[in-house]
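# Below are the sequence and a predicted model; questions follow.
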Amino acid sequence: MWKLPGYTDKPEEIDWDFIHKEYSWVRDMVGVIQDKHHHAEGDVFVHTKMVVTALLNLPEFKELNEQDKSILFAAALMHDVEKRSTTITDENGRVSAHGHARKGEKTARLIIYKDYPAPFEIREQVCSLVRYHGLPIWLSEREDPPRLLGNCSLVTNTHHLYILSKADMIGRICDDFDDMIFRVEMFKELCIEQNCYGKPMEFKSDLGRFKYLNEGGYVDFEPFDETKFKVTLLSGLPGSGKNEYLKSLGPVNVVCPDDIRRKNKISPTDKVGNGRVIQNAKEEAKVFMREKKDFVWNATNISTDLRGGLIDLFMSYGARVEIVYIEVPYKTLLSQNHNRDYKVPEAALERLITKLAIPSLKECHNVKYKVS
């Protein structure tokens with residue numbers, strides 16, 4: 001069973017001295033101020049201690065198996081990890097930390113991937129809980145809550161999210177406590193209503209799911225499939241094994257920006273030159289797409305925005321797009337990168353790890369995860 005050092009499921013056994021010494025990111029929480037309207041209890045460290053304690057006392061938490069308990073413990077400990085970098089005070093004295101959950105997801109992934117290795121599925125459960133821990137209290141204020149909920153349910157166990165959000169509300173002193181708890185309970189009811197409480201929202205097809213999550217409409221709508229060919233978009237850090245995976249596919253059409261760059265002797269740091277590389281790669285892809293031929297786009301593609309631009313292009317030609325995400329453990333990644341013919345400088349690789357965004361089913365018709 002995976003667990004962070006310091007994990008316990010008994011409130012009276014939490015060793016905060018150990019946790020404070022073990023994790024620099026916990027120490028960073030000390031002194032990070034919060035808005036007194038929502039967090040009169042004190043700084044982020046005080047709030048985090050209260051949330052973890054509240055979590056372990058919840059009846060819903062006590063009913064979970066040990067692995068799920070350890071996942072929630074880690075998520076509670078990390079849920080506000082990036083308030084340290086996002087907290088600001090405006091001209092009216094109001095304190096906010098906009099974007100802390102989105103940034104916190106990447107930090108949680110980095111911490112677990114490098115320092116406390118966990119199976120991919122477990123790590124991503126922790127990260128998605130950090131990312132969406134605020135969803136239950138603001139979901140009702142957003143446009144098309146069921147669609148947002150559907151996207152969340154594909155990457156997050158909504159039952160676990162309900163438990164974490166409830167602990168987050170109990171672990172604070174605020175003026176609107178009753179309203180916040182009511183919102184959390186309504187989140188649970190909406191999940192049940194949409195048949196995605198503790199499980200992913202169900203769709204009739206991959207195409208129907210993609211259309212619903214990106215355009216709205218009805219969950220059970222079955223659109224006509226107009227796709228004519230398939231594009232496989234590889235995604236993964238340098239050294240993760242994309243080329244080896246490509247070899248396993250046998251003879252396939254491939255578009256590889258790195259090959260174009262090397263052929264034209266363009267440096268990886270030449271921004272203008274690499275802009276031309278991408279344009280040339282897209283032109284190669286268009287040749288295949290005009291002829292409705294399947295092909296593989298072989299590049300790192302670690303950011304959602306970068307993948308999104310390519311996917312839009314491919315779909316505009318009628319492609320069915322599948323992302324194949326490839327990952328190996330951190331130490332293996334360093335070793336494989338070191339032994340590559342075209343090694344990426346370690347400092348550059350470390351920067352790429354901090355920017356990694358795991359592909360989700362909202363992005364395209366299907367995603368496969370090839371992890372070891």
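Structure's in. What do you need? Numbering: from 1, shown residues only.

# The longest helix that the chain contains packs against which elements?
In the chain, with assignment by DSSP state H, the single longest helix is helix 271-290. Using 3 or more Cβ pairs under 8 Å, 6 or more residues apart in numbering; DSSP states H and E as the contact test, the elements touching helix 271-290 are strand 229-235, strand 254-255, helix 257-263, strand 295-297, helix 304-316. Yep, even glycine has a C-beta here, placed from its N, CA and C like the rest.

# what does that helix contact?
With Cβ atoms under 8 Å, 6 or more residues apart in numbering as the contact definition, helix 271-290 has outside contacts at 229, 231, 253, 255-257, 260-261, 264, 266-268, 294-295, 297, 313-314, 317-319.

# what about 6 Å?
253, 255, 257, 260-261, 266, 295, 317 (Cβ atoms under 6 Å, 6 or more residues apart in numbering).

# now stretch 40-59
With Cβ under 6 Å, 6+ apart as the test, stretch 40-59 has contacts from 11, 29-32, 39, 61, 76-77, 80, 83, 167-168, 170-173.

# if we go to 7 Å?
The contact list for stretch 40-59 (Cβ atoms under 7 Å, 6 or more residues apart in numbering) reads 9-11, 14, 16, 26, 29-34, 39, 61, 72-73, 76-77, 79-80, 83, 163-164, 166-168, 170-174.

# buried stuff in that stretch?
For stretch 40-59, the buried set under the neighbour-count rule, 16 or more other Cβ atoms under 10 Å, comprises 41-56, 58.

# Give me the mean pLDDT for it.
For stretch 40-59, mean pLDDT rounds to 97.

# for stretch 67-75, same thing?
98.

# Contacts for it, please.
Outside stretch 67-75, the residues that touch it by Cβ under 7 Å, 6+ apart are 1-4, 7, 9, 52, 55, 61, 122, 125-126, 129-130, 160, 163-164.

# what's the distance between Ile14 and Arg27?
16 Å (Cβ to Cβ, to the nearest Å).

# Looking at those two, which has the bigger crowd around it?
Each of Ile14 and Arg27 has its neighbours counted (other Cβ atoms under 10 Å); Ile14 has more, 18 against 14.

# Would you point out the most distant pair within the contacts of helix 271-290?
Distance extremes for those: the farthest pair is Ile266 and Tyr317 at 26.3 Å, using Cβ to Cβ.

# mind checking the SS state of the residue lying closest to Lys370 once chain neighbours are set aside?
Nearest residue to Lys370, sequence neighbours excluded (Cβ to Cβ, 6 or more residues apart in numbering): Ile326, at 4.8 Å. Secondary structure for Ile326, judged by DSSP: H, G, I helix; E, B strand; the rest coil, is strand.

# Can you tell me the SS state at Ile323?
Secondary structure, three-state DSSP: Ile323 is strand.

# and if you look at the one 10 residues further on?
For Leu333, the secondary-structure state derived from three-state DSSP is helix.

# Look at it and report its pLDDT.
97.

# Many thanks, we can stop here.
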